[in-house]
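1. Pasting the sequence and the predicted model now:
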Amino acid sequence: MKQVIPIPHRDGKDISHAIKARGTFIFLAGQIGMDYRTNQWADGIEKQTELALSAMQEALGCAGATLEDVVSLQVFLSHAYYRDQFHSVYQRYFHNEPPVRSRYHVTMLAPECLVQIDAIAVVDE
């Protein structure tokens, strides 16, 4: 069970500020912008974000969950200026009751890696 908790005076359009969850938790390791069929990195932040979120969907499906079950995301971007491009792709995947999300700008990713996304989902027991 996932319940978005409204918080007064905070915009919850693109992220939720608090979610209450009960059930079985699914923890996903960092999803990246690599095409696993070819072991090639995608070109550009938008394509890497697409691949990372598609990989997330696939992993969730294998665990009996969907993107709607995601309660928390940690997003690691290699550069702060990728923020808006990442967000435009993210909005296509998370538009109804989006998860709690933290975003970090880091330099510790592999040189080819522009984005990594960790996720926690919850499904009913």
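-> It's in.
2. Only C-alpha atoms from now on, for both contacts and neighbour counts.
-> OK.
3. what's in contact with the helix of greatest length in the chain?
-> Longest helix of the chain, by residue count under DSSP state H: helix 45-62. By CA atoms under 8 Å, 6 or more residues apart in numbering, the surrounding residues in contact with helix 45-62 are 26, 28, 31-35, 41-42, 66-67, 82, 85-86, 89-90, 93, 114-117, 119.
4. Low-confidence ranges, this structure, go.
-> Along the chain, the parts satisfying pLDDT under 70 run over 10-14.
5. Report the buried residues of the longest helix of the chain.
-> Within helix 45-62, the residues that count as buried by 16 or more other CA atoms under 10 Å are 45-57, 59-60.
6. Could you single out the nearest of these to residue 16?
-> residue 53 (18.0 Å; CA to CA).
7. What's the separation between that closest one and residue 8?
-> Noted for residue 53: a distance of 30 Å to residue 8, by CA to CA, to the nearest Å.
8. Could you do residue 71 as well?
-> 20 Å.
9. neighbour count winner among the two?
-> Per other CA atoms under 10 Å, whichever of residue 71 and residue 8 has more neighbours is residue 71, with 26 against 7.
10. residues touching that one, list them.
-> Contacts of residue 71 by CA under 8 Å, 6+ apart are 2, 19, 21, 98-100, 119-122.
11. Name the helix or strand for it, please.
-> Using DSSP states H and E, residue 71 falls within strand 70-77.
12. distance between the helix or strand just after that strand and the chain's centre?
-> The helix or strand immediately downstream of strand 70-77 is helix 83-93, counting by DSSP H and E. Centre-to-centre, helix 83-93 and its host chain are 10 Å apart (CA atoms, centre = their mean, to the nearest Å).
13. Show me which positions of the helix or strand following helix 83-93 end up buried.
-> Heading C-terminal from helix 83-93, the first helix or strand you meet, by DSSP H and E, is strand 100-105. Neighbour counts using 16+ other CA under 10 Å place 100-101, 105 of strand 100-105 among the buried residues.
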